[in-house]
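Visitor: Sequence and predicted structure are below.
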Amino acid sequence: MARKPVFFSFHYGNDVMRVQQVRNIGALEGNTPVSVNDWETVKRGGDASIKRWIDDNLKYKQCVIVLVGEETHARPWVKYEIEKAWNDGKPIFGIHIHNLACPRNGKSLKGKNPFEQFTLENGTKLSSIVSCYDPSPADTYKDIAENMESWVNKAIAQRKK
């Protein structure tokens with residue numbers, strides 16, 4: 001099956017090494033990794049520059065995957081990416097990545113579902129519509145590798161409804 005272009009949303013500071021593991025699975029065509037220097041350059045431009053960078057990078061993606069670490073739910077730019085993706089009609093879902101070992105600091109605590117904090121106009125919680133998967137702690141990498149493409153397809157099909 002053809003690789004689908006996706007946008008990965010995550011907390012850079014805490015989870016970049018875990019995110020690299022997910023990107024290395026290779027089942028999807030993820031956005032190009034951003035180096036610390038590039039991200040610092042974008043941030044120096046202020047909020048408008050960050051929004052423009054996010055908007056430009058989301059534009060042609062078929063799906064948004066929120067890689068959920070311990071503090072992801074509290075990150076303002078992750079919140080922006082979730083809201084923007086949803087409002088733009090993009091398929092979106094989350095994957096808890098706390099059980100992927102980071103070479104610097106090992107595994108982390110499970111983060112809160114970031115979709116819990118969004119309520120639609122009709123009162124429905126986004127978390128009741130958008131999936132947030134919690135891969136097996138026995139072999140998290142394998143579970144993500146074996147299921148990520150089907151999770152993307154499920155999110156795309158669900159969003160078309």
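Guide: Perfect, thanks for sending it.

Visitor: how about the nearest residue to F118 once chain neighbours are set aside, what does it touch?
Guide: Using C-beta to C-beta, 6 or more residues apart in numbering and skipping residues adjacent in sequence, the residue nearest F118 is L126, 3.8 Å away. For the C-beta atoms, the positions are set from N, CA and C on the backbone; glycine is no exception. With contacts defined as C-beta atoms under 8 Å, 6 or more residues apart in numbering, the neighbours of L126 are 82, 86, 115-116, 118-120.

Visitor: Distance of L126 relative to D88?
Guide: As judged by C-beta to C-beta, to the nearest Å, L126 and D88 stand 14 Å apart.

Visitor: Tell me which stretches of this protein form helices.
Guide: For the chain, the helices defined by DSSP state H occupy 12-23, 36-44, 46-58, 76-87, 140-160.

Visitor: Now tabulate those in CSV and tack on mean neighbour count.
Guide: Below are the helices of the chain laid out as CSV (neighbours: other C-beta atoms under 10 Å):
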stretch, mean neighbour count
helix 12-23, 18
helix 36-44, 12
helix 46-58, 13
helix 76-87, 17
helix 140-160, 16
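
Visitor: Nearest to L109 among these would be which one?
Guide: Among those, the nearest to L109 by C-beta to C-beta is helix 12-23 (10.5 Å).

Visitor: which residues sit against the closest one?
Guide: 8, 10, 30, 33-34, 39, 67, 69-72, 95, 97, 100, 102-104, 108, 141, 144, 148.

Visitor: ok, the closest residue to Q62 other than its chain neighbours - how many residues close by?
Guide: Nearest non-adjacent residue to Q62, counting by C-beta to C-beta, 6+ apart: K4, 4.8 Å away. The burial count assigned to K4 is 17, neighbours taken as other C-beta atoms under 10 Å.

Visitor: Hmm, V152 and K4 touching each other?
Guide: Yes - K4 is within contact range of V152, at 5.7 Å (criterion: C-beta atoms under 8 Å).
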